[in-house]
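Peer 1: attaching a predicted model along with its sequence, questions to come.
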Amino acid sequence: MMMNTAYRQKSLGILSVCLLMACFLFSCKKDTPDIPVKKNEKWRTEAKTDSIGNKYYVVSTLDNTLEVRVDNKDGKTIFSEVCPTIEASEIPENSSKLFTYLVAPSKYINANHATLSLRIVLDNIDIQEKHIQLLANIDLDSKKFYTKKYKVEEPLDWTYKVLDNQLVQWYGNGLLVREGTEKDLNRGGGNMGLGQRGTQLVCYERDFSIRYTKDIDASDAYYPSGNLWNIPINNYEYMLFLNDGYVGRMQIVTSVEDKWAGKKVVIWRDNLKETNNIPADYSIKITDYNVQNNVVSASYNIYDEKGQLKEKRTRKWSIGNGMPLGS
């Protein structure tokens, strides 16, 4: 009987030790942080963020490829594709020679379609006479990826303009791009007007097939800007909403031929400050806008001379002729 009791006590002792060891090992495993997975990259560019928090950036991989990636707002990579036309010898040694520009998706066109522009400097960063520009169309829904490459080694090489918001997401998931030789695009500082002569406005489909091309040779050429509130309503016309209360149906007019045809930049417009009989020292700010079922709408706030909110209003117009339809 005493032997059985001693045996039981010994067994319980061994079992207790085993349980303590198991608890210790479990505790150690639990407290040890996860080892981060080594990512396939040498360097990455600074991310560009769209309105819903998706981050777009470029990575130089350990496989000597250049990759476009998109992370959602939670940090999860939701898109990753290699740029197929960029050769290993064209990838810079660090991110300081690669610049990106994001044409953010518009909810009025397609919230899942974005365009990322890449500029890769091939010579000295202070000179940048030789460079590559790449347009990358990204479809976050279907995961389709299309690119178009431009290589500039001399002033007469063909390329496109990025500065001054001259890449615009457009009607029917298109992309407006101002193209020309490096010399023509930068003539006169590259500003609108005579500095644009010899260049073209190209509307691309998502796969970079050409929808249409328009010459830019009018002295006062006019076309959309990527930093303004635009809603395209067909291939050549769009609604423009300016923050300070201007609403207008606008038309692309770029060429002498357009002028001869009698095309006008402004088809109709409404200056809300004027048509609301607002005092001169009051101000207006558009807060929301839309186009639906051939009706244009805009919500706006009215502020007094001290910047205090006085009233909130909404106005609607017929898209055809700008006739007010009430609130």
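Peer 2: Thanks, I have it.

Peer 1: ranges for the helices of the protein?
Peer 2: In the chain, the segments counted as helices under DSSP state H are 2-31, 182-185, 256-260, 272-275.

Peer 1: residue ranges with poor pLDDT in the stretch 1-150 of the chain?
Peer 2: For the stretch 1-150 of the chain, the stretches with pLDDT under 70 are 1-38.

Peer 1: now do 90
Peer 2: Low-confidence segments of the stretch 1-150 of the chain (pLDDT under 90): 1-40, 104, 124-129.

Peer 1: try the stretch 201-327 of the chain
Peer 2: 217-221, 226-228, 243, 273, 275-280, 326-327.

Peer 1: so Val82 is in contact with Thr65, correct?
Peer 2: Yes. Using CB atoms under 8 Å, Val82 is in contact with Thr65, at 4.7 Å. Every residue, glycine included, has its C-beta placed from N, CA and C.

Peer 1: distance of the nearest residue to Ser225 once chain neighbours are set aside relative to Asp184?
Peer 2: Spatial nearest neighbour of Ser225, chain neighbours left out: Asn165 (4.7 Å); criterion: CB to CB, 6 or more residues apart in numbering. Distance from Asn165 to Asp184, counting by CB to CB, to the nearest Å: 19 Å.

Peer 1: higher neighbour count, these two?
Peer 2: Ranked by neighbour count (other CB atoms under 10 Å), Asn165 and Asp184 place Asp184 first, with 22 against 14.

Peer 1: contact partners for the more buried one?
Peer 2: Going by CB atoms under 8 Å, 6 or more residues apart in numbering, Asp184 touches 197-199.

Peer 1: go again using 6 Å as the cut-off
Peer 2: Neighbouring residues of Asp184 by CB atoms under 6 Å, 6 or more residues apart in numbering: 198-199.

Peer 1: and it, how far is that from Ala218?
Peer 2: The value you get for Asp184 to Ala218, if CB to CB is used, is 15 Å.

Peer 1: what about the closest residue to Trp317 other than its chain neighbours, neighbour count?
Peer 2: Once flanking residues are discounted, Trp317 sits nearest to Val296: 4.5 Å by CB to CB, 6+ apart. Neighbour count of Val296, defined by other CB under 10 Å: 25.

Peer 1: so in terms of bridging, what pairs with Val296?
Peer 2: Val291, Trp317 (DSSP bridges).

Peer 1: now do Asn137
Peer 2: Thr115, Tyr146.

Peer 1: ok, it touching Arg206?
Peer 2: Yes. Using CB atoms under 6 Å, Asn137 is in contact with Arg206, at 5.1 Å.

Peer 1: neighbour count winner among these two?
Peer 2: Neighbour totals were compared for Asn137 and Arg206, and Asn137 leads with 22 against 19 (other CB under 10 Å).

Peer 1: for the more buried one, list the residues it contacts.
Peer 2: Counted by CB under 6 Å, 6+ apart, Asn137 has contacts 115, 146, 206.

Peer 1: redo that, cut-off 8 Å
Peer 2: 113-115, 144-147, 175, 206-208.

Peer 1: closest to Arg269 out of the residues you listed?
Peer 2: Leu175 (26.3 Å; CB to CB).

Peer 1: please report how far the closest residue in space to that closest one that isn't next to it in sequence lies from Arg119.
Peer 2: The spatially closest residue to Leu175, leaving aside those adjacent along the chain, is Tyr204, at 4.7 Å (CB to CB, 6+ apart). Tyr204 sits 18 Å away from Arg119, going by CB to CB.

Peer 1: ok, Gly320 next?
Peer 2: Separation of Gly320 from Arg119 (CB to CB): 41 Å.
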